[in-house]
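Enquirer: Structure of the sequence below:
(2 chains)
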Amino acid sequence: EPEVTQTPSHQVTQMGQEVILRCVPISNHLYFYWYRQILGQKVEFLVSFYNNEISEKSEIFDDQFSVERPDGSNFTLKIRSTKLEDSAMYFCASSVERTTYNEQFFGPGTRLTVL
Amino acid sequence: KQEVTQIPAALSVPEGENLVLNCSFTDSAIYNLQWFRQDPGKGLTSLLLIQSSQREQTSGRLNASLDKSSGRSTLYIAASQPGDSATYLCAVRPSGTYKYIFGTGTRLKVLA
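Expert: Coordinates of the predicted model:
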């Protein structure tokens, strides 16, 4: 069964460093998303992406964050200068369409630890 | 602003029991509602999606209902098993958006 994959599973970085989290969405999906979950808190939406453009973003997704689809299969989230409060589990998701059905399928997540 | 609440926060039941998990949301203007399962340290597994025009969806031992006007959904799990132990998350997609807004989840433990 097709699934969303994410690498790495765990990333440790120093405060102020740049990190890139990678995702491979399900192959025929056209809509891509990033969410995050700080330990013990709710899953929060960061950004949605379609046709090489951001279609929606949250207040969390400030200038420190960027997303890119560098080729036909990968979808990346870059954090330019990490802060301690960026430590969280980051989930990538994809969906085949954006109609009212829009079932989103999530990857296993990347745990980001900022020291 | 859409808020999603799940009750109870935690639940422990003996194997074989039927159980109900509750989800409520403050704004009825939604496209759909999705139930997920999350195992510790793992990703989110989609269980059921209910469109705003639907009243319920079933998959195996799971049945989810939606009462959009009252802002409520329930997830019914029949004949619970220890393998059902996980956190169950409810998420709504507000009308006019692409995002899902999640509840805090119900942590379920099914005792053998």
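Enquirer: Excluding sequence neighbours, find me the nearest residue to A:Gln6.
Expert: For A:Gln6, ignoring the flanking residues on the chain, the nearest one in space by C-beta to C-beta, 6 or more residues apart in numbering or on different chains is A:Gly107 at 4.1 Å. Every residue, glycine included, has its C-beta placed from N, CA and C.
Enquirer: for the one you found, phi and psi?
Expert: Geometry field for A:Gly107 lists phi and psi as phi -80, psi 180, criterion degrees, to the nearest 10.
Enquirer: Can you get me a residue count around it?
Expert: Neighbours of A:Gly107 under the rule other C-beta atoms under 10 Å in any protein chain shown: 25.
Enquirer: Checking the most centrally placed residue in chain A next. Helix, strand or coil?
Expert: In chain A, the centroid-proximal residue (C-alpha atoms, centre = their mean) is A:Trp34; its distance is 3.0 Å. Per DSSP: H, G, I helix; E, B strand; the rest coil, the secondary structure class of A:Trp34 is strand.
Enquirer: Identify the residues contacting the residue nearest to A:Gln6.
Expert: A:Glu3, A:Val4, A:Thr5, A:Gln6, A:Cys23, A:Phe91, A:Cys92, A:Ala93, B:Gly43 (C-beta atoms under 8 Å, 6 or more residues apart in numbering or on different chains).
Enquirer: are any of the residues you listed buried, and which?
Expert: A:Val4, A:Gln6, A:Cys23, A:Phe91, A:Cys92, A:Ala93, B:Gly43 (16 or more other C-beta atoms under 10 Å in any protein chain shown).
Enquirer: Look at the residue nearest to the first one when sequence neighbours are not counted and report its pLDDT.
Expert: Right, the one you point to is A:Val4. Spatial nearest neighbour of A:Val4, chain neighbours left out: A:Gly107 (3.7 Å); criterion: C-beta to C-beta, 6+ apart. pLDDT recorded at A:Gly107 is 94.
Enquirer: So which bits of chain A are right by chain B?
Expert: By C-beta under 8 Å from any C-beta of the partner chain, the residues of chain A that approach chain B are A:31, A:33, A:35, A:41-45, A:48, A:50, A:55-56, A:58, A:91, A:93, A:98, A:100-109, A:111.
Enquirer: Among those, the buried ones, what's the ChimeraX command?
Expert: To isolate the buried ones among those in ChimeraX, judged by 16+ other C-beta under 10 Å, type:
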select /A:31,33,35,42,43,44,45,48,50,55,56,58,91,93,102,104,105,106,107,108,109,111
